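> Would you be able to build a 3D model of this:
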Amino acid sequence: MDLSTSYLGLELKNPLVAAASPLSREVGSARELEDAGVSALVMYSLFQEQIEHEAAEHDHYMDFGTDSFAEALSYVPSRAGFRREPDQYIEHLAELKKALDIPVIASLNGTSTGGWVEHAKNLENAGADALELNTYYIAANPNTTSQEIEKRYLDVIAAVTKTVKIPVAVKISPFITALANVAKRMEEAGADGLVLFNRFYQPDIDLESLEVSVDLELSAGHEMRLPLRWIAILDPVVKCSLAASSGVYTSHDVLKLTMAGADVTMLCAAILRSGAYVVSDILKGVNTWMERHEYKSVKQMRGSMNQASCPNPAAFERGNYMRALNSYAPQF
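Below you'll find the predicted structure:
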């Protein structure tokens, strides 16, 4: 089977990409992922808070309101907690480029322009094949409008894409009100691809210490349904690349997301739970299914079940919502 695909203008040997994770922090584990079969690697994120030139703007946004809610202070990580500062991140990127034959995609995580632009250029100069902008912003201020948040994202995209020549993908939140409209505007602002979706890690409350506790819950398999739905909706209306992220565990997940219109599917939790070998198992499963159903290539299959091509496009919209609720029968 021809599993090759194109993502952000990069020709990849298959649609399995290693998403940003701790596994990219070491050259050895990155090599294991390449040997297992991933076609590209997204590095762990360089955070806006790590960029020294962004310190003043960071203080403005992160300290706003903390005098009212003391718990909010626990959300702001101290600089000492970061694994690598910007210069070390760039050095590590260069090391990965020397060690790997697959494309390496750098990742910037933040909420405003500032130091992003300068470091995007530094990452390009260090050899990054592409750049992923990881947008993570909680609009907790009731005076902040959706238009202001969208403008912030669009300003970042425009500023970065005007600065670098490498392709730029944007990893977005599923909580955007008019997602299809914003996706089109992000494409118009210069985004070469969209990654659906960024996961917001929710805090909890420790009832014994009465403190806010923060832990990381890996995605579950059912979370794949959210990017599946939106990729199927967006594929006919945007020209940029689409990447599926969250809940990708099996070859069937990869096949479904590809049919919906994904150019690549990003693996993270599946690898963290099962190890790099799961990549080989997924590729074997994709090959077997395609052979059994007489598909010759991934490109032939991609988008065959998007909203425009699906025999029942309403299944991706409100019609399926009503049908699902009305058809459910309790088992007790």
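
> Next, give phi and psi for the closest residue to residue 99 other than its chain neighbours.
Nearest non-adjacent residue to residue 99, counting by CB to CB, 6 or more residues apart in numbering: residue 27, 4.9 Å away. C-betas here are computed from N, CA, C, even on glycine. Backbone torsions for residue 27, taken as degrees, to the nearest 10, come to phi -60, psi -40.

> give the contact list for residue 27.
95, 96, 99 (CB atoms under 8 Å, 6 or more residues apart in numbering).

> rerun at 10 Å
The contact partners of residue 27, by CB atoms under 10 Å, 6 or more residues apart in numbering, come to 92, 95, 96, 98, 99, 100.

> where does the stretch 51-200 of the chain have low pLDDT?
51-84, 111-112, 114-115 (pLDDT under 70).

> how about 50 then?
Applying pLDDT under 50 to the stretch 51-200 of the chain flags residues 53-58, 61, 64-77, 79-80, 82-84.

> any idea which element residue 116 lies in?
Counting by DSSP states H and E, the element that carries residue 116 is helix 115-125.

> Give me the buried positions along that helix.
Within helix 115-125, the residues that qualify as buried are 115, 116, 117, 119, 120, 121, 122, 123, 124, counting by 16 or more other CB atoms under 10 Å.

> which one of those sits closest to residue 276?
Nearest to residue 276 among those: residue 123, at 24.8 Å, using CB to CB.

> And the strands in the protein, which stretches?
5-7, 10-12, 16-18, 40-47, 104-110, 130-135, 168-172, 193-196, 204-206, 211-213, 241-245, 264-267 (DSSP state E).

> Now do the buried residues in the first one.
Using 16+ other CB under 10 Å as the burial criterion, the residues of strand 5-7 that qualify are 5, 7.

> hey, C-alpha coordinates of the helix holding residue 116 in CSV?
The C-alpha trace of helix 115-125 is given here as CSV (Å, rounded to 0.1, in the frame of the first residue of the first chain):
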residue,chain,number,x,y,z
GLY,A,115,9.1,37.1,21.7
TRP,A,116,7.3,34.5,19.5
VAL,A,117,8.4,36.2,16.3
GLU,A,118,12.1,36.4,17.2
HIS,A,119,12.2,32.8,18.4
ALA,A,120,10.2,31.5,15.4
LYS,A,121,13.0,32.8,13.2
ASN,A,122,15.6,31.3,15.5
LEU,A,123,13.9,27.9,15.2
GLU,A,124,13.8,28.2,11.5
ASN,A,125,17.5,29.0,11.4
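
> how big is the angle separating it from strand 130-135?
Relative orientation of helix 115-125 and strand 130-135, computed by axes from the mean of the first three to the mean of the last three CA atoms, to 10 degrees: 160 degrees.

> counting contacts, what elements does helix 115-125 pack onto?
Applying 3 or more CB pairs under 10 Å, 6 or more residues apart in numbering; DSSP states H and E, we find helix 115-125 packed against strand 40-47, helix 55-63, helix 86-99, strand 104-110, strand 130-135, helix 146-163.
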